[in-house]
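[1] based on what follows, work out the 3D shape:
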Amino acid sequence: MIPSGPRQTMKSRHIQTPATPLSPARTAAAFAAEVSGIGGTSVTLASGRGHGRHRNLKSMAESAAAWTPSPPLPSVSAPGVAFALAAFFCISLFAGLAPLAGTASGDTLKLILPDEPRTLDPHAWPPDPGAYPVIMNAYRRLFDLQPGSSVLDATGSLARTARVSEDGLRYTIILREGESFADGSPVTPEAVLFSFDRLMASEAGRALFPHLRFMRIDGPYTFMFILERPWPPFLASLALPQASVVSPDIAGRPRDFLKDNTLGSGRYQAEPSAPGMTVMVRRADLQTAASPDRVEIRYEPDPAGRLALYRELEAHLSPLPGPLPLNEVPTGSEIRRYPTWTARYLAFNFKTAYLKDASAREAMALAAEHAFAHMPTRPQGLMPRGFAGSPAPVPRQSLEAVTADERAREILAKAGPPATPLTLACQDDEAGACADARLLADRFHELDVPVNVLTLAGSAGKGIMEREAYDMYLGTRHPEIPSPEMWLGRFLDSRAGVASNPARYADPAADSRIDGFDASLARPEREGRVKSLASYAYQARPYVLLYQLDETVLADRRLSNVTPHPMWPLYWPFERIDLNPFRAGVPRPDPPSPPVPPVTEPVRDFDETVFEPFEWGSGWTRYSPLPSLPPISPPLVPPSASSAVL
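    Alright, predicted model coming up:
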């Protein structure tokens with residue numbers, strides 16, 4: 001929770017609505033008034049420290065006013081001037097100095113993005129992907145996921161190490177020392193508790209951390225999370241943008257401060273900007289050699305307007321909606337492609353008469369797979385390639401298109417043609433989905449399987465999905481959390497709704513495997529369970545993952561170290577980007593980290609979980625995030641009976 005009066009020392013929280021208020025100063029009604037701003041803005045708080053330090057143009061004027069001219073140079077002849085200029089140019093060239101005319105924007109990185117953020121508040125809900133480039137650079141989280149990393153190999157950001165209890169319910173996080181927010185205040189367990197209090201008081205917390213029930217401070221740099229049940233994706237969830245740690249000093253800021261500003265521990269902080277633009281400035285206390293001093297982000301939803309703005313401002317990065325003819329690529333720029341974990345998939349409705357036949361599904365899946373064999377990034381089995389470090393349980397069949405057609409016809413000859421044309425549904429608001437559906441329909445027609453494409457729009461389309469009035473559905477899926485268990489569970493759980501499981505796949509053996517995901521946190525066992533379920537379900541062919549929607553970007557050729565994350569393709573770590581054209585393509589060492597004291601705790605190893613004895617202490621309290629929170633079922637028992645819960 002967030003204090004309404006002077007900032008208090010917070011030690012622990014229990015996420016449950018209590019029968020009685022905690023104290024007169026922290027009543028549910030007072031807290032409801034405090035958090036009424038979360039959603040599109042921040043929270044009104046009455047106290048806090050002074051405003052953070054932000055760079056502005058005033059420093060430039062002060063520098064100009066303080067400038068003292070140097071003594072005049074001795075006069076030289078015209079030939080001497082020409083010789084000196086020529087010598088300086090040669091020395092500059094061979095020394096690796098970039099001519100001023102070669103850097104269009106100096107130390108300013110310019111981006112043109114499609115979606116302007118509704119708010120820069122990381123705890124706002126629903127998610128706003130347009131704000132992720134700002135939030136991910138302005139704030140840090142307890143953990144960060146590197147591209148291609150597995151769920152439990154999260155690289156520590158603010159966290160130095162983590163330990164998980166044997167029962168999978170207690171996560172002890174040890175913070176790095178010496179970390180600070182942009183306003184100079186230290187990153188402490190109290191700040192982490194403040195941020196998660198604020199997060200859990202919003203819809204974002206209840207949606208992303210449904211099993212989190214307790215939080216407490218266990219030491220100067222130690223923090224503990226308690227879950228009501230084992231949940232393997234928990235650590236991966238701590239790397240989401242919504243889990244960003246904000247400074248408690250927003251207590252003294254206006255209610256809507258985080259709508260257009262940031263106050264985190266990241267290397268860049270946002271400043272008030274003109275509409276349609278966000279300006280981020282690098283912190284003076286976290287300088288690095290090659291990263292840009294300033295980042296200017298402009299927003300333009302129209303692709304043509306985005307390209308025109310890219311040319312006009314001589315920008316460095318801008319996403320493209322599709323392929324761009326080479327003659328339209330601006331001089332000095334190039335097209336780059338980055339893989340993502342967003343996948344286009346085809347679902348076969350198991351409740352329809354024709355597709356109940358496994359041989360019919362196999363033949364049509366085979367044809368659909370090879371219809372998109374030309375795509376650069378293709379999934380493996382039921383998983384996107386490289387997704388969260390997941391194993392590749394089932395390799396795609398390596399058949400040539402002609403062989404695939406022959407095999408599909410052979411299978412369909414046994415199954416026979418459908419009595420009536422099949423219906424292939426697609427959403428008109430998903431970019432390119434219905435165009436892909438028409439391509440698939442043509443492919444199926446070649447196999448003598450008539451297919452009609454049905455475009456879903458508005459309430460009518462929603463009704464068709466709810467009535468399951470389709471034979472096949474072509475959709476797009478993006479992971480909410482980088483977890484193979486959650487990815488497969490959404491697709492294959494018979495208890496999920498039609499939006500998650502449009503194939504209406506229902507198999508008790510698959511449900512049992514999904515329920516077994518929580519049995520162990522050890523990495524080998526988890527990977528084995530994921531592979532077992534994916535291999536088992538793949539044989540039934542409820543889904544075909546056709547290809548992954550790579551992100552195409554127009555980029556300045558001089559940029560190096562541009563490494564977006566496949567889960568958030570428009571999130572580029574600004575501190576790693578190098579604008580120097582003479583160093584383009586040369587890897588730059590990671591920014592130096594503050595000194596870390598010797599680690600007395602064992603290094604985090606999730607293959608061997610650590611059991612920690614647990615006793616209830618006086619610091620445990622219960623609190624109510626919102627009066628409207630639904631009751632937790634089953635209800636937790638009082639602390640005196642804690643052994644029955646933990």
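[2] wait, a helix at residue 346?
    No: read with DSSP: H, G, I helix; E, B strand; the rest coil, residue 346 is strand and lies in no helix.
[3] could you pick out the longest strand of this protein?
    strand 212-219 (DSSP state E).
[4] other SSEs contacting whichever helix or strand comes after it?
    Counting by DSSP states H and E, the next helix or strand C-terminal to strand 212-219 is strand 222-227. Packing contacts for strand 222-227, counted by 3 or more C-beta pairs under 8 Å, 6 or more residues apart in numbering; DSSP states H and E, involve strand 170-175, helix 189-200, strand 212-219. From N, CA and C alone the C-beta is placed, and that goes for glycine too.
[5] so which residues make contact with strand 222-227?
    Contacts to strand 222-227, defined as C-beta atoms under 8 Å, 6 or more residues apart in numbering, come from residues 168-175, 189, 192-193, 211-218, 234, 646.
[6] write the ChimeraX selection for whichever of these are buried.
    Filtering the contacts of strand 222-227 down to the buried ones (16 or more other C-beta atoms under 10 Å) takes a single ChimeraX command:
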select :168,169,170,171,172,173,174,175,189,192,193,211,212,213,214,215,216,217,218,234
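[7] show me the contacts for the residue nearest to residue 422 when sequence neighbours are not counted.
    Spatial nearest neighbour of residue 422, chain neighbours left out: residue 471 (4.1 Å); criterion: C-beta to C-beta, 6 or more residues apart in numbering. By C-beta under 8 Å, 6+ apart, the contact list for residue 471 reads 348-349, 352, 354-355, 422-424.
[8] most neighbours, which of those?
    Neighbours here are counted as other C-beta atoms under 10 Å. On that basis the top member of the contacts of residue 471 is residue 348, with 28 neighbours.
[9] hey, what's that residue bridged with?
    Here residue 348 shows beta-bridge partners residue 472, assigned using DSSP bridges.
[10] in this structure it contacts residue 363, no?
    No: using C-beta atoms under 8 Å as the test, residue 348 is too far from residue 363 to be in contact (11.0 Å).
[11] quick revisit: between the helices and strands packed on strand 222-227, which one is closest to residue 163.
    Between residue 163 and the helices and strands packed on strand 222-227, the tightest spacing by C-beta to C-beta is seen for strand 170-175, at 4.6 Å.
[12] show me what the closest one is packed against.
    strand 159-164, helix 189-200, strand 222-227.
[13] closest to residue 513 out of the ones you listed?
    When those are ranked by proximity to residue 513 (C-beta to C-beta), strand 222-227 comes first, at 21.3 Å.
[14] where does the stretch 151-300 of the chain dip in pLDDT?
    Within the stretch 151-300 of the chain, the segments meeting pLDDT under 70 span 151-156, 287-290.
[15] 50 instead?
    151-153 (pLDDT under 50).
[16] closest to residue 125 out of the helices and strands packed on strand 170-175?
    Residue 125 lies closest, by C-beta to C-beta, to one member of the helices and strands packed on strand 170-175: helix 189-200, at 9.7 Å.
[17] which elements pack onto the helix or strand that the closest one is followed by?
    Next in sequence after helix 189-200, counting helices and strands by DSSP H and E, comes helix 203-208. Where contact means 3+ C-beta pairs under 8 Å, 6+ apart, helix 203-208 is packed against helix 189-200.
[18] quick one, the helix it packs on and strand 159-164 angle?
    Angle, helix 189-200 to strand 159-164, by axes from the mean of the first three to the mean of the last three C-alpha atoms, to 10 degrees: 70 degrees.
[19] how is this structure carved up into domains?
    Annotated domains of the chain cover 12-52+140-254+594-611+622-645, 108-115+257-340+558-583, 343-548 [automatic domain parsing].
[20] possible to save the contacts of residue 471 as a markdown table with distance to residue 373, secondary structure and pLDDT?
    As requested, those are exported to a markdown table (distance: C-beta to C-beta, whole Å; DSSP: H, G, I helix; E, B strand; the rest coil; pLDDT from 0 to 100):
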| residue | distance to residue 373 | secondary structure | pLDDT |
| --- | --- | --- | --- |
| 348 | 20 | strand | 97 |
| 349 | 25 | coil | 96 |
| 352 | 27 | coil | 93 |
| 354 | 25 | helix | 92 |
| 355 | 23 | helix | 93 |
| 422 | 22 | strand | 95 |
| 423 | 25 | strand | 96 |
| 424 | 19 | strand | 96 |
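[21] just these now: which is nearest residue 324?
    Closest approach to residue 324 among the contacts of residue 471 (C-beta to C-beta): residue 424, at 29.6 Å.
[22] where's residue 569 relative to residue 299, distance?
    Here the criterion is C-beta to C-beta, to the nearest Å. By it, residue 569 lies 17 Å from residue 299.
[23] the more surrounded of the two?
    Between residue 569 and residue 299, counting by other C-beta under 10 Å, residue 569 is the more crowded of the two (21 against 18).
[24] report how many residues lie close to the closest residue in space to that one that isn't next to it in sequence.
    Distance criterion C-beta to C-beta, 6+ apart; nearest residue to residue 569, sequence neighbours excluded, is residue 551 at 3.7 Å. By the measure other C-beta under 10 Å, the count of residues near residue 551 is 18.
[25] and residue 551, what pLDDT?
    With respect to pLDDT, residue 551 scores 90.
[26] any idea how far it is from residue 564?
    Residue 551 sits 7 Å away from residue 564, going by C-beta to C-beta.
[27] list residues touching both of these two?
    Shared contacts of residue 551 and residue 564 (C-beta under 8 Å, 6+ apart): 338, 570.
[28] what's the angle between the longest strand of the chain and strand 222-227?
    Interaxial angle of strand 212-219 relative to strand 222-227 (the same axes, to 10 degrees): 160 degrees.
[29] and strand 212-219, which strands flank it?
    Here strand 212-219 is paired, per DSSP bridges, with strand 12-14 (antiparallel), strand 222-227 (antiparallel).
[30] and the helices in the stretch 401-550 of the chain?
    Shown for the stretch 401-550 of the chain, the helices assigned by DSSP state H, counting those that start in this stretch span residues 401-415, 433-446, 458-467, 484-492, 508-515, 523-540.
[31] turn those into TSV, columns for mean pLDDT.
    Below are the helices of the stretch 401-550 of the chain laid out as TSV (pLDDT from 0 to 100):
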stretch	mean pLDDT
helix 401-415	77
helix 433-446	93
helix 458-467	86
helix 484-492	91
helix 508-515	93
helix 523-540	87
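[32] quick one, which of the ones you listed is nearest to residue 163?
    Evaluated over the helices of the stretch 401-550 of the chain, closeness to residue 163 peaks at helix 523-540, with 15.0 Å, by C-beta to C-beta.
[33] give me the neighbour count for the closest residue in space to residue 126 that isn't next to it in sequence.
    Closest residue to residue 126 apart from its sequence neighbours, by C-beta to C-beta, 6+ apart: residue 203 at 7.7 Å. Neighbourhood size, residue 203 [other C-beta under 10 Å]: 14.
[34] how much space separates residue 203 from residue 121?
    12 Å.
[35] so how far does stretch 472-486 reach from one end to the other?
    Terminal residues of stretch 472-486 are spaced 23 Å apart (C-alpha to C-alpha, to the nearest Å).
[36] whoops, stretch 476-493 was the one
    18 Å.
[37] again, but for stretch 260-273
    Stretch 260-273 stretches 8 Å from its first residue to its last (C-alpha to C-alpha).
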